[in-house]
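A.B. asks: With the sequence up front, the predicted model follows.
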Amino acid sequence: MKLLPRTLIVSALVLAHGFAAAGPRHYEPPRHHHHHHRGIGLGGALLGLAIAVPLIAIASKADREPEVVYVPPPAPLPPPAPVILQPLPPSRGEPVIYPRNGQSAEQLEFDRRECNRWASTQQSAMNDASVFNRAVDACMDGRGYTLR
C-alpha cells in the first residue's frame, strides 16, 4: 500500500476514535447500578467504518498496476495523387511593335505597362499565357500600335 493512502486511513481511524471517545462524560457517581461499557461504542465504530471503507477502496485502487490501453497506429495515408503538368505552348518571341500614330518610345513603354496590367485582370489570363498575350495584343492595337 502506498504511503499517502495508508496515512489517510490511519488518520481517519484515529479521528473517528477521537470523535467517538469525546462523547458525554458523567462526572458524578451513577445513581443506578448500570453497567457502563468502555470503548468507542457503536456510533464510533460506524463512523470509523464509514470513513475507513472508502479510504481502503482508494488505497487498494492506488496499489493496482495502471491499466495499459492499446491505441492502434493511425491508418497510413493514401499516396498523393500524381501531379499532371500540361505542356506549355511554345513561347512566342516578343512581338515587334510599330507605332501607327507617331507615339514616342516613352509613350510606347507606358502603353505596354498599362496593357500588361489590364491583361492580367482578364479572366484566365493568369492561367493561360496565350490568353494573356492576346489580351495585351488587343490592348496595344486599341492604343494605335501594330504588332508583328
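C.D. replies: Yep, that arrived. A quick note: this is a predicted structure, and the numbers were derived from the prediction, not measured.
A.B. asks: contacting residues for Ile97?
C.D. replies: Contacts here follow CB atoms under 8 Å, 6 or more residues apart in numbering; on that basis Ile97 touches Leu108, Arg112, Met140, Tyr145, Thr146, Leu147. Heads up, the C-betas are built off the backbone N, CA and C, glycines and all.
A.B. asks: Give the buried subset of these as a PyMOL selection command.
C.D. replies: Those of the contacts of Ile97 that count as buried under 16 or more other CB atoms under 10 Å are selected in PyMOL with:
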select buried, resi 108+112+140+145
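A.B. asks: Out of the contacts of Ile97, which two sit at the greatest distance?
C.D. replies: Spatial extent of the contacts of Ile97 (CB to CB) is set by the pair Arg112 and Thr146 at 13.8 Å.
A.B. asks: circling back to that earlier point, okay if I get the contacts of Ile97 as a markdown table plus distance to Ile97?
C.D. replies: Below are the contacts of Ile97 laid out as a markdown table (distance: CB to CB, whole Å):
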| residue | distance to Ile97 |
| --- | --- |
| Leu108 | 6 |
| Arg112 | 7 |
| Met140 | 6 |
| Tyr145 | 5 |
| Thr146 | 7 |
| Leu147 | 6 |
